[in-house]
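*Asks:* sequence unknown, structure follows:
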């Protein structure tokens, strides 16, 4: 069965203090790794899709990278509005179309 | 705004009752997915429909069922509700059958008393 483990569970940052979130995965034939942002009580908001080891994608202060066993979400000079839960999900390379999600990392950025 | 809509936003009901949650996918998307999010289980995939047909099943209870209509909107029916069914229910949509990127709706918060 697919396993997606995110660490840390929670991260408290000072505004401007860069950090990284980790997503390690075990999946049979990775077809894609996804990062979502979720605000309390709201639906996950799509951020990135990564398909192969070595791939990187950036959006504003966020940068996602992928290796064969894990993905990192780097937050550079975060602002309070970056406070959210960041979810990682994997899609296996088969006829199974479901996303398997990790438990998420809750990031709090203090001004 | 992802373009996926869900109604109602909130639902409060009693044990043993039946409810229906509704989802309209983004314009042009043919696949609809249902997920359940509870505090102790995280986001769990329930079921996928593509162009009106069921295509994948996850951890969906027999008390739960879904369908996708010709206009592509979908409904998730939850029956014989139990306290443990209280959760956020999300619908997501994607363009095709094998499209990877799923866009989520705002969710329906279900509280079973």
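*Replies:* The structure has been received and is ready for your questions. Just so it is clear, the structure is predicted and the values come from calculations on it, not from any experiment.

*Asks:* spell out which parts of chain A neighbour chain B.
*Replies:* A:31-32, A:34, A:36, A:41-46, A:49, A:87, A:89, A:91, A:95-104 (C-beta under 8 Å from any C-beta of the partner chain). Bear in mind the C-beta positions are built from the backbone N, C-alpha and C, glycine included.

*Asks:* got the end-to-end distance for stretch B:65-78?
*Replies:* Its start and end residues considered, stretch B:65-78 measures 7 Å (C-alpha to C-alpha, to the nearest Å).

*Asks:* buried residues, that stretch. List them.
*Replies:* B:66, B:68, B:72, B:74-76, B:78 (16 or more other C-beta atoms under 10 Å in any protein chain shown).

*Asks:* ok, residues contacting the helix or strand residue A:88 falls within?
*Replies:* Secondary structure from DSSP states H and E places residue A:88 in strand A:84-92. The contact list for strand A:84-92, computed with C-beta atoms under 8 Å, 6 or more residues apart in numbering or on different chains, reads A:2, A:4, A:6, A:21, A:23, A:25, A:27-40, A:44, A:47, A:71, A:73, A:97-102, A:104-107, B:43, B:100.

*Asks:* just the buried residues of the residues you listed.
*Replies:* Looks like the contacts of strand A:84-92 have A:2, A:4, A:6, A:21, A:23, A:25, A:27, A:30-38, A:44, A:47, A:71, A:73, A:97-102, A:104-107, B:43, B:100 buried, using 16+ other C-beta under 10 Å.

*Asks:* mark which of the buried residues of stretch B:65-78 are part of strands, please.
*Replies:* Among these, the ones falling in strands (DSSP state E) are B:66, B:68, B:74-76, B:78.

*Asks:* good, we can wrap up now.
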